[in-house]
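Participant: Give me a model of this one.
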Amino acid sequence: MTALDTRPPDAETQPEVFEDVTDPPSLIGRWTRRVAITSIVVFVGLPIFTLLIWSFAFRWNFPDLLPSEWGNRAWAYVASDSSRTFEGLWNSTKLAVLVTIMAIVVGLPASRALGQHDFRGKSTVEWLLMMPIIVPTLVATMGIHQIFIRMRLTETLFGVALVHLIPAIPYFVLVMASVFANYGTALEETAQSLGANKIQVFRYVTLPAISSGLLVASMFTFLISWGQYVTTLLIGGGTFVTLPLVLFPFLSGASHSNAAAISLVFVAPAIIVLILTSRQLGRDSSAMGGFGKL
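Facilitator: Just a heads-up that it's a prediction; the model follows:
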């Protein structure tokens with residue numbers, strides 16, 4: 001006896017229909033996104049817009065909403081050789097790139113060891129890694145200043161870069177250690193079993209897998225080095241001029257327009273780095289949730 005087929009006669013010819021269970025974006029989610037974007041525009045864009053007005057203001061007295069007199073005297077000063085703005089911009093760029101490269105070379109092995117291995121004294125290493133964040137950078141710089149003088153590292157690009165690593169390397173290692181803690185080595189082992197050497201494994205397997213985290217860590221390192229003032233002044237001896245050294249004397253002076261113009265030059269590369277990094281992460285990293293599309 002055969003089992004009875006209880007399906008309707010045309011069941012075999014009817015295509016199966018699957019309902020889309022994906023919920024559309026909720027109203028709260030859309031409003032949260034709008035509020036976040038508005039907050040970023042207000043708290044970041046408004047100060048920059050104010051600096052832009054100040055840079056073209058020749059006379060701006062309280063309580064006037066806009067300057068009573070306009071001019072480009074500040075930008076003419078920035079473009080002149082006497083301001084040393086472009087010299088500081090070039091030195092800051094070289095320094096930040098060098099510090100980022102040094103952090104990658106030093107920090108990648110350390111972060112992989114901390115993220116993937118348990119060893120005796122690991123907690124001590126992690127505590128020592130946090131010391132540059134806990135102890136003020138000025139204290140550490142003063143402690144090694146005399147050593148750098150004897151080693152003839154003061155007033156040099158490499159010496160200043162070494163000092164910038166003190167506050168930068170903890171952030172780099174902490175970010176990359178969390179990346180390596182969630183990184184599996186199965187693909188690396190498969191590549192090695194197929195005959196790939198260590199360089200090929202790192203280039204074609206490890207680097208693509210950690211690229212998003214490496215980009216974030218490098219961005220932090222670049223921006224930390226970019227904004228250093230005291231360490232650059234002490235180790236650089238005032239002869240190695242960066243943008244913070246050009247900017248800070250104007251912050252306490254009476255020339256607000258010059259300070260505003262130099263501030264815009266100072267903040268522009270940092271904003272460009274942040275935008276390019278966020279867009280790259282928005283395309284390549286699902287963990288960022290499309291942050292780059294803001």
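
Participant: ok, and the closest non-adjacent residue to the residue nearest the centre of the chain?
Facilitator: Central residue check for the chain by C-alpha atoms, centre = their mean: the C-alpha nearest the mean position is that of Met219, 2.5 Å away. Excluding the flanking residues, the one nearest Met219 by C-beta to C-beta, 6 or more residues apart in numbering is Thr277, at 4.6 Å. For glycine as for every other residue, the C-beta is placed from the backbone atoms N, C-alpha and C.

Participant: So for that neighbour, what's the pLDDT?
Facilitator: Listed pLDDT for Thr277 reads 77.

Participant: ditto for Gly143
Facilitator: Gly143 is given a pLDDT of 81.

Participant: Next: Gly236.
Facilitator: For Gly236, the pLDDT comes out at 89.

Participant: same question, Met102
Facilitator: If you check Met102, the pLDDT there is 95.

Participant: Quick one: residues contacting it.
Facilitator: If you count contacts by C-beta atoms under 8 Å, 6 or more residues apart in numbering, Met102 has them with Ala161, Leu162, Leu165.

Participant: Check which element follows the helix or strand hosting it along the chain.
Facilitator: Assigned by DSSP states H and E, Met102 belongs to helix 85-116. For helix 85-116, the succeeding helix or strand toward the C-terminus, using DSSP H and E, is helix 122-134.

Participant: in that next one, what's buried?
Facilitator: Residues of helix 122-134 classed as buried by neighbour count (16 or more other C-beta atoms under 10 Å): Leu129, Pro132.

Participant: What are the buried residues along the helix or strand following that helix?
Facilitator: Per DSSP H and E, helix 122-134 leads on to helix 137-150 as the next helix or strand towards the C-terminus. Within helix 137-150, the residues that count as buried by 16+ other C-beta under 10 Å are Thr137, Ala140, Thr141, Ile144, His145, Phe148.

Participant: so how far is stretch 71-83 from its chain's centroid?
Facilitator: On the basis of C-alpha atoms, centre = their mean, to the nearest Å, stretch 71-83 sits 29 Å off its chain's mean C-alpha point.

Participant: quick check: mean pLDDT across it?
Facilitator: Average pLDDT, stretch 71-83: 88.

Participant: Any chance you could list what contacts it?
Facilitator: For stretch 71-83, contacts defined as C-beta under 8 Å, 6+ apart pick out 55-58, 85, 246, 255, 257-258, 260-262, 265.

Participant: how much space between Thr85 and Ile48?
Facilitator: For Thr85, the distance to Ile48 equals 18 Å [C-beta to C-beta, to the nearest Å].

Participant: Between those two, point out the one with more neighbours.
Facilitator: Taking neighbours as other C-beta atoms under 10 Å, Thr85 and Ile48 compare with Thr85 leading, 22 against 14.

Participant: What number of residues are in the vicinity of the closest residue in space to the more buried one that isn't next to it in sequence?
Facilitator: On the basis of C-beta to C-beta, 6+ apart, the spatially nearest residue to Thr85 that is not a chain neighbour turns out to be Val78, at 4.9 Å. Neighbour count of Val78, defined by other C-beta under 10 Å: 20.

Participant: Output the below-cut-off pLDDT ranges for the stretch 151-294 of the chain.
Facilitator: Within the stretch 151-294 of the chain, the stretches with pLDDT under 70 are 253-254, 279-294.

Participant: The protein: helices as residue ranges?
Facilitator: For the chain, applying DSSP state H gives helices covering 27-40, 46-55, 73-79, 85-116, 122-134, 137-150, 157-181, 186-193, 198-201, 207-226, 230-236, 243-251, 256-284.

Participant: and the last one, what does it pack onto?
Facilitator: Yep, that's helix 256-284 we're talking about. helix 46-55, strand 57-59, helix 73-79, helix 85-116, helix 207-226, helix 243-251 (3 or more C-beta pairs under 8 Å, 6 or more residues apart in numbering; DSSP states H and E).
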